[in-house]
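Asks: okay, structure incoming, though there's no sequence with it:
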């Protein structure tokens with residue numbers, strides 16, 4: 001029997017990433033990522049100073065050029081780790097997806113997702129684009145939780161600050177204080193997405209001072225959070241596939 005080619009295998013993964021039944025977990029083994037929370041007097045409306053902090057975080061990511069991100073999900077009952085980079089100047093993401101004995105390199109923008117089979121043991125995106133044509137499909141945030149989160153990561157940088165007054169008017173809140181990797185953080189919920197599409201997940205922002213160190217996405221408004229670690233210092237430029245141009 002003829003074995004499927006690498007591009008066909010990648011296409012299968014792209015289809016799997018599009019599955020509407022995709023489930024999400026806090027962490028593949030059911031545990032929480034490193035960090036703890038302690039509840040105080042929240043939730044409550046943001047103060048003016050807190051609204052100013054939240055309004056600047058996406059602009060700071062843009063000024064940094066991009067971020068390194070890391071998250072772990074459950075994809076059709078199988079644990080998958082995503083480790084990658086987001087270029088906010090060119091609006092493209094690049095990640096390694098590993099789990100269940102296989103791995104893939106993913107690259108995407110606001111409209112398109114590409115996938116290549118990855119080399120054995122690869123846990124971060126390669127410095128050079130994989131050889132061969134990628135499998136390709138439209139990014140579908142309205143149809144899948146996976147794509148909604150990929151798009152969210154792409155949207156965590158913009159070329160101007162948000163309006164802090166609109167943050168307050170939109171219902172953004174201070175939720176609690178917490179400890180994240182030995183640092184004190186404030187956990188803030190973002191404003192309600194009035195006037196925008198329903199595909200954007202609700203987001204909680206973890207701020208250490210003015211630095212955004214983590215977001216918790218709540219796809220479909222669910223209570224279960226998808227934690228995504230962010231590190232601007234870990235970012236470096238990467239090649240972009242011509243298929244995204």
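Replies: Perfect, thanks for sending it. Just so it is clear, the structure is predicted and the values come from calculations on it, not from any experiment.

Asks: just the mean pLDDT for the top helix by length along the chain, thanks.
Replies: Identified as the longest helix of the chain according to DSSP state H is helix 48-64. Computed over helix 48-64, the mean pLDDT rounds to 95.

Asks: how far out from the middle of the chain is whichever helix or strand comes after that helix?
Replies: The element immediately downstream of helix 48-64 (helix or strand, assigned by DSSP states H and E) is strand 66-75. How far strand 66-75 lies from its chain's middle: 6 Å, per C-alpha atoms, centre = their mean, to the nearest Å.

Asks: who's in contact with the longest helix of the chain?
Replies: With contacts defined as C-beta atoms under 8 Å, 6 or more residues apart in numbering, helix 48-64 is touched by 46, 67, 88-89, 155-165, 167-168, 172, 174, 186, 188, 190, 205, 207, 210-212, 230, 232, 235. For the C-beta atoms, the positions are set from N, CA and C on the backbone; glycine is no exception.

Asks: in ChimeraX, how would I select just the buried ones from those?
Replies: Buried subset of these, written as a ChimeraX selection, criterion 16 or more other C-beta atoms under 10 Å:
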select :46,67,88,155,156,157,162,164,167,168,172,174,186,188,190,205,207,211,212,230,232,235
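
Asks: re earlier: mind listing what's buried in the longest helix of the chain?
Replies: Buried-residue list, helix 48-64, by 16+ other C-beta under 10 Å: 50-59, 61-62, 64.

Asks: just want the most central residue of this structure.
Replies: Nearest residue to the geometric centre of the chain (C-alpha atoms, centre = their mean): residue 153, 3.4 Å.

Asks: wait, doesn't that residue sit right on residue 86?
Replies: Yes. The pair residue 153 / residue 86 is scored as a contact, 5.7 Å apart, by C-beta atoms under 8 Å.

Asks: which of the buried residues of helix 48-64 lies closest to residue 143?
Replies: residue 58 (25.1 Å; C-beta to C-beta).
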